[in-house]
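> Provided below for reference: sequence and predicted model.
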Amino acid sequence: MRDSAGYTLPYTQTGPMEMIYSLKSDHGISNDKAAAFIQDTYRFNTGVGLFTLNAGVRAAWWSWNNEVTFSPRLMVGFTPAFNEDFTFRFSTGVYYQTPFYKEIKDTVSTGGTYQVNLNKEIRSQRSIQFVLGGDYDFRVYNRPFKFTTEIYYKKLDRLIPYNLDNVRIEELRLRLCGRYRHETLRRVRSGYGVMAHLLTHEYP
């Protein structure tokens with residue numbers, strides 16, 4: 001048994017000392033990453049209002065597993081001509097998270113001895129996001145304020161659990177929030193949260 005400090009009990013000076021477990025690891029890691037992106041913004045002024053289109057794509061390569069990822073992003077904004085204080089926008093994109101070392105390592109037991117192996121077949125975690133929001137600019141006591149509200153949906157897959165084995169989790173997130181901000185001094189902004197609600201559900 002072990003006490004709260006992690007020492008093996010009982011301990012006697014005679015006979016061999018039995019260990020709870022032993023861990024063996026000796027690794028040297030060297031890897032390279034390369035990334036590039038292209039992005040542009042287009043604006044179209046029509047009779048109903050101003051449309052803004054921002055589109056781009058990001059490409060990345062990781063030498064550890066020779067993985068290549070492509071992350072397209074898109075944002076469409078609309079400012080109506082009848083009231084330019086309002087701005088509505090929709091954005092979407094695909095995002096990847098390169099695994100950390102704690103996710104790359106895989107601890108296996110062989111005859112009571114634990115050994116750390118590195119997984120070279122691992123893939124980046126992925127998130128597909130959709131955001132719908134809007135801004136409202138107004139003035140109070142001759143000071144500029146902005147109220148922002150957003151609702152977004154986030155689909156996470158290819159998640160990498162590193163504490164539990166043989167578990168695959170797909171997580172869906174839906175969040176609705178609002179906030180406003182104002183300028184108290186010139187070029188100094190402060191913001192305040194008004195409302196936020198996050199609903200998360202995990203599928204085993």
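Here it is on my side, so go on. Numbering: from 1, shown residues only.

> what does the host helix or strand of Val94 contact?
According to DSSP states H and E, Val94 maps onto strand 86-97. Under the criterion CB atoms under 8 Å, 6 or more residues apart in numbering, residues 52, 60, 69-80, 124-137 lie in contact with strand 86-97. Backbone N, C-alpha and C define where each C-beta goes, glycine included.

> can you list the residues that contact stretch 28-43?
Contacts for stretch 28-43 (CB under 8 Å, 6+ apart): 50-64, 73, 98, 101, 118.

> I'd like to check which residues are in contact with the nearest residue to Asn117 once chain neighbours are set aside.
Leaving aside its sequence neighbours, Asn117 sits nearest to Asp106 (CB to CB, 6 or more residues apart in numbering; 4.8 Å). Asp106 makes contact with Val116, Asn117, Leu118, Asn119, according to CB under 8 Å, 6+ apart.

> Tell me how far Asp106 lies from Thr69.
22 Å (CB to CB, to the nearest Å).

> Kindly report the same for Ser127.
12 Å.

> Quick one, grab the pLDDT at the residue nearest to Asn117.
Looking at Asp106, its pLDDT stands at 79.

> any idea which element it lies in?
Counting by DSSP H and E, Asp106 is part of strand 105-110.

> how close does the residue nearest to Asn117 sit to Arg123?
Distance from Asp106 to Arg123, by CB to CB: 14 Å.

> Have a look at this structure and report the helix or strand with the lowest mean pLDDT.
Here the helix or strand of the chain ranked lowest by mean pLDDT, DSSP states H and E is strand 170-185, holding a mean of 47.
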